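J.: predicted model follows, preceded by the sequence.
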Amino acid sequence: MNRLEVLSADLAAQVHRATPAKRRAACLAACELAVAKVEIEHPLVDSALQQLRVGRVFTSQEKAEIDTLTEQLDEQYFELQQTAEKGNATYADHLRAFARARAVAALSFAGSDSREDAADAIYEAAAAVGDDKREFFAKINFALK
């Protein structure tokens, strides 16, 4: 069982059956929505989105750079979580940091051609967009058609 199956077994099955081009389209839609939702601006994010738009698979170095950014954002999230627990930051602050880290993690997975990575990219992007996932699932389903 992959993580996407936890959110939607039907969507996970669609991703698994999709052609590589449809999987890339779904990953791009998921990542664009997640990045827009969390309002992250970073040259690495912009570059990764551009590469996804033209159908490029990330090199190992590009993926490593995105993974490093994800780790930095995860660290910020964990620090804000601890700060919020002490009452020095809000719950919303650390949730925003979590969402930014998940959006960048989605990009990392999306830069691959594997079915499993596509499912993980969509799962991570879904975590970034918050609780109301109706628009998110509609865009992913449209991309997979």
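T.: Noted; the coordinates are in hand.
J.: where do the helices sit along this structure?
T.: Along the chain, counting by DSSP state H, helices occupy 3-7, 9-17, 20-38, 43-53, 60-85, 91-110, 115-129, 134-144.
J.: quick one: pLDDT of the residue nearest to Glu135 when sequence neighbours are not counted?
T.: Nearest non-adjacent residue to Glu135, counting by C-beta to C-beta, 6 or more residues apart in numbering: Leu33, 7.3 Å away. C-betas here are computed from N, CA, C, even on glycine. Confidence at Leu33, expressed as pLDDT, is 97.
J.: what's the burial count for Leu33?
T.: Using other C-beta atoms under 10 Å, Leu33 has 21 neighbouring residues.
J.: what residues sit buried inside stretch 93-106?
T.: 93-94, 96-106 (16 or more other C-beta atoms under 10 Å).
J.: no wait, stretch 118-125
T.: Across stretch 118-125, burial judged by 16+ other C-beta under 10 Å covers 118-125.
J.: which other residues reach stretch 71-91?
T.: 93-94, 97-98, 100-101, 104 (C-beta atoms under 8 Å, 6 or more residues apart in numbering).
J.: I should have written stretch 38-46 there, sorry.
T.: 35, 65-66, 69, 96, 99-100, 103-104, 107, 128.
J.: how long is it from one end to the other?
T.: From its first residue to its last, stretch 38-46 covers 14 Å (C-alpha to C-alpha, to the nearest Å).
J.: all set now, cheers.
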